[in-house]
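Trainee: sequence and computational prediction follow.
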Amino acid sequence: MSILFPKVRKPREWDYRPIYFDEEKEARKQKLARLHRGSFREEHEKNMSAQRARQKSKLTFWVALLLLGLLLYYFLR
């Protein structure tokens, strides 16, 4: 230790970072927690069934629109 320049420790700095609630991050954490062995297949099947339901809904919409168009064409002709 030096007599002319004694070493004095600096006080610790206060490093405060507030934690804000992030809904998307919490949802990702919950989804990762749900994923366990074999659950990837379950999630895939659930996603595929939802996709098939959307495709069926779109097809029904377009068929109904086509029928409506044909009926309008027939009666307004």
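Mentor: That came through fine.
Trainee: longest helix anywhere in this protein?
Mentor: helix 39-76 (DSSP state H).
Trainee: ok, now which ones touch residue 48?
Mentor: By Cβ atoms under 8 Å, 6 or more residues apart in numbering, no residues touch residue 48. The C-beta positions use only the backbone N, C-alpha and C, and glycine is treated the same way.
Trainee: and the pLDDT for it?
Mentor: On pLDDT, residue 48 comes in at 94.
Trainee: kindly report the same for residue 1.
Mentor: For residue 1, pLDDT reads 54.
Trainee: the one 3 residues further on too?
Mentor: Looking at residue 4, its pLDDT is 75.
Trainee: what about it, neighbour count?
Mentor: 4 (other Cβ atoms under 10 Å).
Trainee: quick one: secondary structure of residue 12?
Mentor: coil (DSSP: H, G, I helix; E, B strand; the rest coil).
Trainee: please renumber the chain so that the first residue is 394 from this point on.
Mentor: Got it, first residue is 394 now, which makes that one residue 405.
Trainee: in CSV, please show the C-alpha coordinates belonging to the helix or strand of the chain with the lowest mean pLDDT.
Mentor: The helix or strand of the chain with the poorest confidence is helix 416-427; it has a mean of 85 (mean pLDDT, DSSP states H and E). Provided in CSV are the C-alpha atoms of helix 416-427 (Å, rounded to 0.1, in the frame of the first residue of the first chain):
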residue,chain,number,x,y,z
GLU,A,416,-47.7,-10.0,-22.2
GLU,A,417,-46.1,-11.5,-25.3
LYS,A,418,-43.0,-12.6,-23.4
GLU,A,419,-45.1,-14.2,-20.6
ALA,A,420,-47.2,-16.0,-23.3
ARG,A,421,-44.0,-17.4,-24.9
LYS,A,422,-42.8,-18.6,-21.5
GLN,A,423,-46.1,-20.4,-20.8
LYS,A,424,-46.0,-21.9,-24.3
LEU,A,425,-42.5,-23.2,-23.7
ALA,A,426,-43.5,-24.6,-20.3
ARG,A,427,-46.4,-26.5,-21.8
